[in-house]
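# structure for this input, please:
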Amino acid sequence: MSNMEPHPAEQAYASADLSERGIEILTARDVPLGGPRAMTVRRTLPQRARTLIGAWCFADHYGPDDVALTGGMRVAPHPHTGLQTVSWLFSGEIEHRDSLGNHAFARPGELNLMTGGFGISHSEVSTQRTTLLHGLQLWVALPHAHRHTARNFQHYVPDLVRLNGGEARVFLGSLAGHTSPVPTFTPLLGAELSIEPHTTVHLAVSEEFEHGVIVDSGEVDMNGTSLRATELGYAPSGLTLLALTNTSPQRARVVLLGGPPFQEEIVMWWNFIGRTHEDIVQAREAWQRGSDRFGRVDGYVGDRLPAPALPNATITPRRNPASS
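Numbers count the residues shown, from 1 in each chain. Purely as a prediction, here's the structure:
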């Protein structure tokens, strides 16, 4: 998914509170994706309080949207550099086309992971079969040693893992004895969890990882801190056990993200991740002039997205607050 804001900021500004138990609660902000019937996403990362969770650097949570009212998703060809995109759906179907020639579909419970590296472009369109569109779009920052890696696309359908009190689908990394075969450039965890009503799920997690829990539905306590739907709870590294309690009378659904703290500073603007302002300038210029750097998306009917104007200031590197 493209960052469709007409004036994309270096950081998204939302609120965060620190619970007595040390869990940081991040509140999303609404971002319309453009057009008179724009679908609106809830952007949780990045924001002032927290830029990354592990290498996870961007999280848009959307739906459930009635596409008859919103028009669904129609994102024209657009570029990416220095990152991977992760598409994860709860309902609906999205058609993916990219400049590698891939023509694939994102469906509920199935991972679509695209590696931008030095440069890739793709389009995303909800299909005519879709009535309700609901899911997450996530980005992963590539480490410096791999940020110019070759473009790539992978599709994976994780097994349903039974838990004591719920279920999980582990799409990246390892959890509850299940490991995704999809390789990553830094250690990562990505999993959808379903928790039964008034039940606690206990998860053994890596002490080296920091973790984020995005609540899609229900009300969930994260190690004793209450999270409402659409909020993200953040726990720093050092935990070995994560307790998630569904306090609501219906099944709750969350997405668990994790990874060791990402120590590199990044420059993030529009759909590009680099290390300097000049990296962004060069990527934008290459996209605007139709450089081979991003290739061409075949099969999409319509024009590609133009890049927004650059800010009248140097885009500076950023990382998580030093206190984290």
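# where in the protein is pLDDT low?
1-21, 34-38, 322-324 (pLDDT under 70).
# could you rerun that using 90?
Scanning the chain for pLDDT under 90 picks out the ranges 1-22, 31-40, 47-49, 69-71, 317-324.
# closest to the centroid, which residue in it?
Leu138 (1.2 Å; C-alpha atoms, centre = their mean).
# how about it: what's its closest non-neighbour residue?
Val86 (4.1 Å; C-beta to C-beta, 6 or more residues apart in numbering). No exception for glycine: its C-beta is placed from N, CA and C like everyone else's.
# what about the strand or helix carrying the one you found, distance to the chain center?
Taking DSSP states H and E as the definition, Val86 sits inside strand 83-91. Distance of strand 83-91 from its chain centroid, counting by C-alpha atoms, centre = their mean, to the nearest Å, is 6 Å.
# for that strand, name the packing helices and strands.
Under the contact definition 3 or more C-beta pairs under 8 Å, 6 or more residues apart in numbering; DSSP states H and E, strand 83-91 sits against strand 56-66, strand 103-106, strand 111-115, strand 132-141, strand 166-172, strand 189-195.
# and the angle from the helix or strand following that strand to strand 83-91?
Sequence order places strand 94-98 as the next helix or strand after strand 83-91, per DSSP H and E. Counting by axes from the mean of the first three to the mean of the last three C-alpha atoms, to 10 degrees, strand 94-98 points 160 degrees away from the direction of strand 83-91.
# Ala191: what's it in contact with?
Neighbour list for Ala191: 168-173, 175, 255-256 [criterion: C-beta atoms under 8 Å, 6 or more residues apart in numbering].
# what would the residues you listed look like in TSV with distance to Trp270 and neighbour count?
Putting the contacts of Ala191 into TSV (distance: C-beta to C-beta, whole Å; neighbours: other C-beta atoms under 10 Å) gives the following:
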residue	distance to Trp270	neighbour count
Ala168	33	22
Arg169	31	23
Val170	31	24
Phe171	26	24
Leu172	24	28
Gly173	28	22
Leu175	32	24
Val255	24	23
Leu256	28	23
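# closest one to Ile214 out of those residues, please.
Val255 (4.7 Å; C-beta to C-beta).
# what pairs with the strand or helix carrying the closest one, parallel or antiparallel?
Val255 is part of strand 252-259, with elements assigned from DSSP H and E. Using DSSP bridges, strand 252-259 pairs in its sheet with strand 189-195 (antiparallel), strand 210-217 (antiparallel).
# so which of the ones you listed is nearest Ser291?
strand 189-195 (31.4 Å).
# got the angle for the closest one vs strand 56-66?
40 degrees.
# quick check: end-to-end length of stretch 174-186?
13 Å (C-alpha to C-alpha, to the nearest Å).
# which positions in that stretch come out as buried?
175-176, 180, 182, 184-186 (16 or more other C-beta atoms under 10 Å).
# likewise stretch 144-152?
Buried-residue list, stretch 144-152, by 16+ other C-beta under 10 Å: 147, 149, 151-152.
# and the longest helix anywhere in the chain, what does it pack against?
For the chain, the longest helix by residue count, based on DSSP state H, is helix 277-288. Under the contact criterion of 3+ C-beta pairs under 8 Å, 6+ apart, helix 277-288 touches strand 267-269, strand 272-274.
# export it to CSV, keeping only CA atoms.
Below are the C-alpha coordinates for helix 277-288, written out as CSV (Å, rounded to 0.1, in the frame of the first residue of the first chain):
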residue,chain,number,x,y,z
HIS,A,277,17.9,13.1,2.6
GLU,A,278,19.8,12.6,-0.7
ASP,A,279,18.7,8.9,-0.8
ILE,A,280,15.1,10.1,-0.9
VAL,A,281,15.8,12.9,-3.4
GLN,A,282,17.4,10.3,-5.8
ALA,A,283,14.6,7.8,-5.4
ARG,A,284,11.9,10.4,-6.0
GLU,A,285,13.7,11.7,-9.1
ALA,A,286,14.1,8.2,-10.5
TRP,A,287,10.4,7.5,-10.0
GLN,A,288,9.3,10.8,-11.6
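# now do the buried residues in it.
277, 279-284, 286-287.
# biggest separation within these, which pair?
His277 and Trp287 (16.0 Å).
# pull the distance from the host helix or strand of Pro79 to the chain's centre.
Element membership of Pro79, judged by DSSP H and E, is strand 74-80. Per C-alpha atoms, centre = their mean, the displacement of strand 74-80 from the mean C-alpha position of its chain is 16 Å.
# please shift the residue numbers so they start at 30 in all later answers.
Got it, first residue is 30 now, which makes that one strand 103-109.
# tell me what it is packed against?
strand 149-155.
# list the buried residues in the strand it packs on.
Result for strand 149-155 [16+ other C-beta under 10 Å]: buried residues 149-155.
# using JSON lines, lay out those together with distance to Leu171.
Conversion of the buried residues of strand 149-155 to JSON lines gives the following (distance: C-beta to C-beta, whole Å):
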{"residue": "Ile149", "distance to Leu171": "12"}
{"residue": "Ser150", "distance to Leu171": "17"}
{"residue": "His151", "distance to Leu171": "16"}
{"residue": "Ser152", "distance to Leu171": "22"}
{"residue": "Glu153", "distance to Leu171": "20"}
{"residue": "Val154", "distance to Leu171": "26"}
{"residue": "Ser155", "distance to Leu171": "27"}
